[in-house]
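Enquirer: Sequence and predicted structure, then a few things I'm wondering about:
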Number of protein chains: 2
Amino acid sequence: MNIPVNLPLTRKLSTFVALSKAELALLDHLHQRNRFFSAGRDMVHQGQSGQAAYVLMSGWVCSYKLQPDGTRQIVDFQIPGDFLGLRSVLLRTSDHSFEPIVDIEAAEVLTEDLLEAFAQTPRLATAILWAASRDEAMVVEHLVGIGRRDAVVRIAHFLLELGSRLALVGLGDTKGYDCPLTQYHLADALGLSAVHVNRVLRQLREAGLVTFREGHVRFHDLDRLVKLADFDPAYLDHAGPLLK
Amino acid sequence: MNIPVNLPLTRKLSTFVALSKAELALLDHLHQRNRFFSAGRDMVHQGQSGQAAYVLMSGWVCSYKLQPDGTRQIVDFQIPGDFLGLRSVLLRTSDHSFEPIVDIEAAEVLTEDLLEAFAQTPRLATAILWAASRDEAMVVEHLVGIGRRDAVVRIAHFLLELGSRLALVGLGDTKGYDCPLTQYHLADALGLSAVHVNRVLRQLREAGLVTFREGHVRFHDLDRLVKLADFDPAYLDHAGPLLK
DNA sequence: CCTGCCGACTGCTTCATGTCAGTCATGCAT
DNA sequence: ATGCATGACTGACATGAAGCAGTCGGCAGG
């Protein structure tokens, strides 16, 4: 067996269950056709149906909902190793849109292949269901954040969560990570105005906690940041890769 | 075949797929033991695991998360016919707590029975998965509401959504519905303070739109309320029982 | 009968965020 | 060069919502 094609996904699932060589191979065969999408051009529009599912190989995507008044709410970001549109395929409900934030590469996953893999190896099925349920838990956590945390804590928490997710797939560590999001993305995700996001980022920077600049997030004082944000990575994984 | 035991659930699923007599019978056999829980006493605590799933027969429940600072965020309310803890059983993750709002009756659903039913009738499985995905869509919609709607619209939207859900199981109509929630429940669900909920409810009442009082919600001008809230029931069901 | 609690309700003050209206630097197309 | 995006950043001002500090009525318990 060679190195798996989709390192991020394999790595993510492996932290949850140890997968055998056969299972890893199966995971590999799951994604055949690789497709490319350009930044800023919607992959799936709200209300559209009959879409394929993907595993994100490289790049970032956001899933969002548009409001009648023109504002948008970003529900979640997808990073390499994340599934994209899994629910909409299994349950044919696609109630939000997906937009690549940078140019991306995504491996198409055929529904039948997925179901077959499920039937063949329960362990792999478990792992994938775990990933799906983690995504849901993240949405819930996101809801809590918007409802009950003020802007500073919300942003701090968000940056830590992202870091934790990225660390899990080898794209970040306790020092920081690359992050192509604009302050508008943060605003739309966190229910704030871009202006206020800017102010809060400055506060965090001046407090010597974290810097978000030029596509890079750098942690200056992780411990204090974690304490400020009340960050508990338990809902993301049982290890907590960002915090040892 | 007699009248199904759990009328609300049957009614809800039937609006999505027409179920055969055999499927209805199977649905009936799914819930055997009925259990009772008292208002205010947690059924499931945060972090607990190995719990059973239930179908709510009567009464209301809320699922919520507690913050380290003591505030809580209600993620969702369950009304008769809703599943309770389905995810935590299937995926063993129970990351929030459940609290009965009034005394409730809930039918225990055994995991094996559920899986067997799934295997036997794909149509029933589809219906149940639809219900689960609808719950998820509601959480997302909830997220959008808290992130991008102001208090008036948020509350109006919430009351309409609840009405729509209740109408689906025969517990409400275009006139209104019974609702045991306190203003504190609304506040915790909508990310507001109870005081502000009170003020906004007054506004809505004085504008002649809707009254929330003494455990009863009464719509005075449904059309204007729907317009104010930008309410689109499409994500709840394909018919939209509240709006004809 | 009092006492205490809870939920609904209100006025006043404070503060967190949003809105408006810009500047500045960068990159890209012409 | 010029023009025109876009993203980061800022100050002044407006406002929605929170916090505080109550009142009031209903209801359960001693």
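Expert: Arrived safely, thanks for sending. Numbers count the residues shown, from 1 in each chain, chains lettered A, B, ... in the order given.
Enquirer: Up against DNA strand C, what does chain A have?
Expert: A:Asp150, A:Ala151, A:Val152, A:Gly191, A:Leu192, A:Ser193, A:Val195, A:His196 (CB under 7 Å from any atom of the strand). All C-beta spots, glycine's among them, are computed from the backbone N, C-alpha and C.
Enquirer: out of those residues, which are buried?
Expert: Among the residues of chain A next to DNA strand C, those classed as buried by 16 or more other CB atoms under 10 Å in any protein chain shown are A:Ala151, A:Val152, A:Gly191, A:Leu192.
Enquirer: So for the first one, what's the nearest residue that isn't a sequence neighbour?
Expert: Closest residue in space to A:Ala151, ignoring its immediate chain neighbours: A:Val200 at 5.0 Å, by CB to CB, 6 or more residues apart in numbering or on different chains.
Enquirer: Any buried residues in the helix or strand hosting that neighbour, and which?
Expert: Secondary structure from DSSP states H and E places A:Val200 in helix A:194-206. Across helix A:194-206, burial judged by 16+ other CB under 10 Å covers A:Val197, A:Val200, A:Leu201, A:Leu204.
Enquirer: do the same with stretch A:162-174
Expert: Neighbour counts using 16+ other CB under 10 Å place A:Leu162, A:Gly163, A:Ser164, A:Arg165, A:Leu166, A:Ala167, A:Leu168, A:Val169, A:Leu171, A:Gly172 of stretch A:162-174 among the buried residues.
Enquirer: now, which of those residues sits nearest A:Tyr64?
Expert: A:Leu162 (16.2 Å; CB to CB).
Enquirer: Next secondary structure after the one helix or strand the closest one maps to?
Expert: Using DSSP H and E, A:Leu162 sits in helix A:151-168. For helix A:151-168, the succeeding helix or strand toward the C-terminus, using DSSP H and E, is strand A:176-178.
Enquirer: Give me the helices and strands touching that next one, please.
Expert: helix A:151-168, strand A:216-219 (3 or more CB pairs under 8 Å, 6 or more residues apart in numbering or on different chains; DSSP states H and E).
Enquirer: related to what we said a few turns ago, tell me which residues touch the residue nearest to A:Ala151, please.
Expert: A:Val200 makes contacts with A:Ala151, A:Val152, A:Ile155, A:Leu192, as judged by CB atoms under 8 Å, 6 or more residues apart in numbering or on different chains.
Enquirer: The last one against A:Leu186, yeah?
Expert: Right, A:Leu192. Yes: with contacts counted by CB atoms under 8 Å, A:Leu192 reaches A:Leu186, the gap being 7.4 Å.
Enquirer: among the residues of chain A next to DNA strand C, which two are most distant?
Expert: Greatest spatial distance in the residues of chain A next to DNA strand C: A:Asp150 and A:Val195, 15.9 Å, computed using CB to CB.
Enquirer: Wasn't A:Ser133 part of a strand?
Expert: No: per DSSP: H, G, I helix; E, B strand; the rest coil, A:Ser133 lies outside any strand segment and is helix.
Enquirer: Need the per-residue pLDDT for it.
Expert: A:Ser133 is assigned 81 on the pLDDT scale.
Enquirer: how far away is it from B:Thr126?
Expert: A:Ser133 is 20 Å from B:Thr126, where distance means CB to CB, to the nearest Å.
Enquirer: how about stretch A:219-229: buried residues?
Expert: For stretch A:219-229, a neighbour-count test (16+ other CB under 10 Å) marks A:Phe219, A:Leu222, A:Leu225, A:Val226, A:Leu228, A:Ala229 as buried.
Enquirer: So what touches that stretch?
Expert: Under the criterion CB under 8 Å, 6+ apart, residues A:152-153, A:156-157, A:159-160, A:163, A:174-176, A:204, A:208-211, A:231, A:242-243 lie in contact with stretch A:219-229.
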